[in-house]
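Trainee: This is the structure alone, sequence omitted:
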């Protein structure tokens, strides 16, 4: 079985400040890791993913996440947030085999304060 | 690419009525998922299809829920009879599992309110 834990349900941060959204997972086998973002009244959109190779992955809008196998973590970071980053962020994990079932965390609401 | 298309965007119905939610996946994606999102329970996987065949329906809450995928370009999720506790946002997502680690592509959801 696999599971994902996002300990922070809400994270308020001032504009242009750095932010880290935490994600820990548990799995007995190899996994793929994802971060999705959900804006109000929309579906989830892929932000970035880790499949293999370099443990640091980046998105086109300045977010990055680092896969840490020893700590089973995949925290999401951004050095300077913008108002438009206000959204809910979901960490997800999937098996690398079988039908690659995707398990989502409970989400973290990022509120950027002007 | 029009993305995953869901209809209707909003549905308000009375308890006991039948509700049908519709989904058109991205062309070429042969895996389709139905999720339900609520404040209390977060994002829950209801059912998963691969090549139009239901593979995992363990998340379907009870017999009032049923899902079909008659062809590669259309799926429905039906609730009969509906109850107030079914109120939620229902998402459809598709993926091409032939690509390892391929992400899910979500529709904009159907917000269901059962009064």
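Mentor: Happy to help now that I have it. Every value quoted in this text rests on a predicted model; they were computed, and no experiment measured them.
Trainee: So which residues of chain B form strands?
Mentor: Remark: strands assigned in chain B by DSSP state E are B:5-7, B:10-13, B:19-24, B:31-38, B:42-50, B:53-56, B:65-71, B:74-79, B:88-95, B:105-106, B:110-114.
Trainee: The residue in chain A that chain B sits nearest to: neighbour count?
Mentor: Nearest residue of chain A to chain B: residue A:43, at 3.1 Å (Cβ to the nearest Cβ). Heads up, the C-betas are built off the backbone N, CA and C, glycines and all. For residue A:43, the tally of surrounding residues (other Cβ atoms under 10 Å in any protein chain shown) stands at 22.
Trainee: so it touches residue B:93, yeah?
Mentor: Yes - using Cβ atoms under 8 Å, residue A:43 makes contact with residue B:93 at a distance of 7.4 Å.
Trainee: list the contacts for the nearest residue to residue A:46 once chain neighbours are set aside?
Mentor: Spatial nearest neighbour of residue A:46, chain neighbours left out: residue B:103 (4.2 Å); criterion: Cβ to Cβ, 6 or more residues apart in numbering or on different chains. Shown in contact with residue B:103 (Cβ atoms under 8 Å, 6 or more residues apart in numbering or on different chains): A:34, A:36, A:46, A:49, B:95.
Trainee: among the residues you listed, who's most crowded?
Mentor: Going by other Cβ under 10 Å, residue A:34 tops those with 27 neighbours.
Trainee: Give the bridge partners for the residue nearest the centre of chain A, please.
Mentor: Closest to where the C-alpha atoms of chain A average out (Cα atoms, centre = their mean) is residue A:35, at 3.4 Å. Per DSSP bridges, the residues bridged to residue A:35 are residue A:48, residue A:91.
Trainee: Tell me the pLDDT of it.
Mentor: At residue A:35, the pLDDT value in this model is 96.
Trainee: Contacts only, for it.
Mentor: By Cβ under 8 Å, 6+ apart, the residues touching residue A:35 are A:23, A:46-49, A:59, A:63, A:65, A:74, A:76, A:89-92.
Trainee: Out of these, the closest to residue B:73 would be?
Mentor: Taking Cβ to Cβ as the measure, residue B:73 sits nearest to residue A:46 out of the contacts of residue A:35, at 22.1 Å.
Trainee: Confirm the closest one sits in a strand?
Mentor: Yes - counting by DSSP: H, G, I helix; E, B strand; the rest coil, residue A:46 is found in a strand.
Trainee: pLDDT score for it?
Mentor: 94.
Trainee: So the residue nearest to the centre of chain A versus residue A:85, what's the distance?
Mentor: Using Cβ to Cβ, to the nearest Å, residue A:35 is found at 12 Å from residue A:85.
Trainee: for residue A:49, same thing?
Mentor: Separation of residue A:49 from residue A:85 (Cβ to Cβ): 19 Å.
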